[in-house]
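Peer 1: here is my input, please return the structure:
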Amino acid sequence: KLAGILDQMFVGRQLPAKTKFAVSGCSNSCVKPQENDIGIKGVVKTAISKTACVSCGACVKKCPAKALSLNGRDVTVDHEKCLGCGWCIKACPRKAIIASEAGCKIYIGGKIGRFPQLGQVLADMVNEKDVPGYIEVILATYQELANNGERIAQVVNRVGFDKFKETFESKIPE
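Peer 2: The predicted model follows:
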């Protein structure tokens, strides 16, 4: 649904260079959002009910990022490693792990070709309904900072990710 909305809003827009979008509904990145000018990926944050958890370790075994660990009777999450994929939620036989928050991670500056690079995370846990507004601001930032013919990756490389992000954040409505 989100891809359709973005398609209607942004296809055909005049920009400094071609601009590719990718929208992935889950964190498996099947459509490679990190390899596009702008990528959107669905993610969840998890919460663990200490009373419902029986310390079976099913979630720990299933986690592809090894972000979960079992310490005695406590399951802990290393949020720095967590992919937000939700596999631990599905693996838990007691439903002790829930999605406490769902949203989108937005990447910019990815590209393939002769000189490939992965995009960087510009925003995390963006509510799905807010994504089109974020894309508007990304494109406005891109148009402000780009030279004609430069893709987003080239702009990010020339001005720096921090400068792009700072300019982007200054344009987000309060």
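Peer 1: find the nearest non-adjacent residue to residue 76, please.
Peer 2: residue 69 (5.5 Å; CB to CB, 6 or more residues apart in numbering). C-beta coordinates here come from the backbone N, C-alpha and C atoms, glycine included.
Peer 1: helix, strand or coil for that neighbour?
Peer 2: Per DSSP: H, G, I helix; E, B strand; the rest coil, the secondary structure class of residue 69 is strand.
Peer 1: what about it, how many neighbours?
Peer 2: Residues near residue 69, counting by other CB atoms under 10 Å, number 14.
Peer 1: mind listing what it touches?
Peer 2: Residue 69 makes contacts with 60, 75, 76, 78, as judged by CB atoms under 8 Å, 6 or more residues apart in numbering.
Peer 1: give me the nearest residue to residue 33, chain neighbours excluded.
Peer 2: Here the residue nearest residue 33, using CB to CB, 6+ apart, is residue 39, at 2.6 Å.
Peer 1: let me know the pLDDT of residue 28.
Peer 2: Predicted confidence (pLDDT) at residue 28: the value is 78.
Peer 1: report the separation between the closest residue in space to it that isn't next to it in sequence and residue 60.
Peer 2: Of all residues not flanking residue 28 in the chain, residue 85 sits nearest, at 6.9 Å (CB to CB, 6+ apart). Shown here: residue 85 relative to residue 60, a distance of 14 Å by CB to CB, to the nearest Å.
Peer 1: averaged pLDDT, stretch 34-51. What do you get?
Peer 2: Stretch 34-51 comes out at a mean pLDDT of 94.
Peer 1: how many neighbours does the residue nearest to residue 28 have?
Peer 2: Residue 85: 22 neighbours (other CB under 10 Å).
Peer 1: what are the bridge partners for the most centrally placed residue in the chain, then?
Peer 2: Centroid check for the chain by CA atoms, centre = their mean gives residue 105 as the closest residue, at 2.0 Å. Residue 105 forms beta bridges with residue 41, as assigned by DSSP bridges.
Peer 1: so what's it up against?
Peer 2: 27, 33, 40, 41, 43, 84, 121, 123, 124, 125, 126.
Peer 1: if we use 7 Å, what do you get?
Peer 2: The neighbourhood of residue 105, defined by CB atoms under 7 Å, 6 or more residues apart in numbering, consists of 41, 43, 121, 124.
Peer 1: and residue 92, by the same measure?
Peer 2: 58, 59.
Peer 1: same check, this time on residue 122
Peer 2: So residue 122 contacts 106, 107, 108, 138, 165, 168 (CB under 7 Å, 6+ apart).
Peer 1: list the buried ones in the longest helix along the chain?
Peer 2: The residue-count maximum for a helix in the chain (DSSP state H) belongs to helix 131-145. Within helix 131-145, the residues that qualify as buried are 131, 134, 135, 137, 138, 139, 141, 142, 145, counting by 16 or more other CB atoms under 10 Å.
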